[in-house]
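Engineer: model this:
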Amino acid sequence: MSKRPTIHDLAEAAGVSIATVDRVLNKRSKVRESTSQRVLIAAEDIGYHATGLLKKRVRESKPFKRLSILLQRSNDEFYEGLGAAIRSACSQETQFQFEVNVVFMDEVTPEYITEQIIKESKHADGIALVALDDHILNRHIEQLTANNTPVFTILSPLSTNTCTGHIGVDNRKAGRTAAWAISRLTKKAGKVGILLGSHRYLNQDIAEISFISYFREIKHSYELLSPLTNLDDDTLAYQATKTLLNNHPDDLTAIYSAGGGVKGIIKALKEAGKSKQTTLICNELTSYTRLALSDGTIDMIIATPVQKLASRLAELFSESFSSKKCHPLAPVQLSVDLHVAENL
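Structural biologist: Next up is the predicted model:
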């Protein structure tokens, strides 16, 4: 039977003294973060019996910060997954001990979101949020950043230039990719419907503009219809899709959904028997969009790389807290994940 690793073995594996290992284990005095991490990694490598205690000590030694993550729609699978990914990524961060409070906002008016920001700012050291652009909301964010509270926008940027940073996909590329896909996948030219939650979600606004600009640049016979807004709500998206189908029963070739409400779009297409005739490009891979992709209702999904976004957000918070003064960081634009039935 192999000998159980001793504290001497751990010190040798970590390249430190036994006294340093003792300080990490028993919190006798301050040890540099990098040294504590080296001891922990060595303990895991050699199977040291007190690895669990070491993890606890290393976690306790990190500065403590409270984060409030303001997302939308508590019953939305995508946002539930995003919230869980952010919690997980923040728990893995090595420089700080993060306590993460994820708040789902079922009301998306600027007034309500502003109320939540004010409420959370009373106890949060940092805030990240998904919100539509609004001057009142922006003013409160400007006040927070002026007081050295880092504020990051997720998915959709805001027009204020005082946010600590932004992280989301490259929406220009997302919109142009959707247009490219429709120009390649449709069997014949015709009318193209455009659905989005609101033009005040700047990510959707940019995606829609880029979608239209692609068609402007190529020779085509498509007719791009005026965009319809649905507040990313399934019921409103269902009604908007029904309107498109009723107004253009024979020549609606494709639909691009730059926002949410995809369940409603799928339902309307299936009810009308148009799920196979109408090319549908939409956002985010969830259980229901995956099923619709596999049965041919959806032709392509343009998805946010959720795990990458969550990990990078945790890093951005750490980078911001490590600075003595809160200052704007460069926006992070992630490449989209593309899904078709054959690569599920």
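Engineer: residues contacting the closest residue to residue 337 other than its chain neighbours?
Structural biologist: Distances taken as Cβ to Cβ, 6 or more residues apart in numbering put residue 303 closest to residue 337, at 4.3 Å, once the chain neighbours are dropped. (C-beta placed from N, C-alpha, C; glycine too.) By Cβ atoms under 8 Å, 6 or more residues apart in numbering, the contact list for residue 303 reads 283-285, 336-339.
Engineer: just the residues you listed: which are in helices?
Structural biologist: Assigned to helices by DSSP state H, none of these qualify.
Engineer: please flag which of those residues sit within strands.
Structural biologist: Taking DSSP state E, the ones among the contacts of residue 303 that sit in strands are 283, 337-339.
Engineer: in JSON lines: those residues, plus distance to residue 225, neighbour count and pLDDT.
Structural biologist: JSON lines is the format used below for these (distance: Cβ to Cβ, whole Å; neighbours: other Cβ atoms under 10 Å; pLDDT from 0 to 100):
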{"residue": "283", "distance to residue 225": "19", "neighbour count": "27", "pLDDT": "97"}
{"residue": "337", "distance to residue 225": "27", "neighbour count": "16", "pLDDT": "97"}
{"residue": "338", "distance to residue 225": "24", "neighbour count": "14", "pLDDT": "97"}
{"residue": "339", "distance to residue 225": "25", "neighbour count": "18", "pLDDT": "98"}
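Engineer: nearest to residue 237, of those residues?
Structural biologist: residue 283 (11.9 Å; Cβ to Cβ).
Engineer: next one, pLDDT for the closest residue to the closest one other than its chain neighbours please.
Structural biologist: Excluding its sequence neighbours, the residue lying closest to residue 283 (Cβ to Cβ, 6+ apart) is residue 302, at 5.4 Å. For residue 302, the pLDDT comes out at 98.
Engineer: go on, residue 33?
Structural biologist: Looking at residue 33, its pLDDT is 70.
Engineer: and if you look at residue 50?
Structural biologist: At residue 50, pLDDT is 76.
Engineer: now it, what are its backbone angles?
Structural biologist: Main-chain dihedrals, residue 50, degrees, to the nearest 10: phi -100, psi 30.
Engineer: list the contacts of it.
Structural biologist: Counting by Cβ under 8 Å, 6+ apart, residue 50 touches 25, 43.
Engineer: separation between it and residue 19?
Structural biologist: To residue 19, residue 50 is 16 Å away according to Cβ to Cβ, to the nearest Å.
Engineer: repeat for residue 104
Structural biologist: Distance from residue 104 to residue 19, by Cβ to Cβ: 48 Å.
Engineer: ditto for residue 48
Structural biologist: If you measure residue 48 against residue 19 using Cβ to Cβ, the figure is 16 Å.
Engineer: neighbour count for those two, which is higher?
Structural biologist: residue 48 (24 against 11; other Cβ atoms under 10 Å).
Engineer: quickly find the element holding the more buried one.
Structural biologist: Under the criterion of DSSP states H and E, residue 48 resides outside all helices and strands.
Engineer: quick check: it vs residue 35, distance?
Structural biologist: Here residue 48 is placed at a distance of 16 Å from residue 35 (Cβ to Cβ).
Engineer: same thing with residue 104?
Structural biologist: Taken as Cβ to Cβ, the span from residue 104 to residue 35 is 40 Å.
Engineer: could I get the full set of helices for the stretch 101-250 of the chain?
Structural biologist: Along the stretch 101-250 of the chain, the segments classed as helices by DSSP state H, counting those that start in this stretch run 110-121, 135-146, 171-185, 202-217, 234-247.
Engineer: ok, which of those comes nearest residue 85?
Structural biologist: helix 202-217 (18.1 Å).
Engineer: quick check: next helix or strand after the least confident helix or strand in the chain by mean pLDDT?
Structural biologist: Least confident helix or strand of the chain, by mean pLDDT, DSSP states H and E, is helix 51-61 with a mean of 70. Note on helix 51-61: by DSSP H and E, the next helix or strand toward the C-terminus is strand 64-72.
Engineer: elements contacting the helix or strand just after that following strand?
Structural biologist: Next along the chain after strand 64-72, taking DSSP H and E as the criterion, comes helix 77-91. In this structure, helix 77-91 packs against strand 64-72, strand 97-105, helix 306-322, with contacts taken as 3 or more Cβ pairs under 8 Å, 6 or more residues apart in numbering; DSSP states H and E.
Engineer: could the ones you listed go into a markdown table alongside distance to residue 252?
Structural biologist: Shown next, in a markdown table, are these (distance: least, Cβ to Cβ, whole Å):
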| stretch | distance to residue 252 |
| --- | --- |
| strand 64-72 | 29 |
| strand 97-105 | 33 |
| helix 306-322 | 31 |
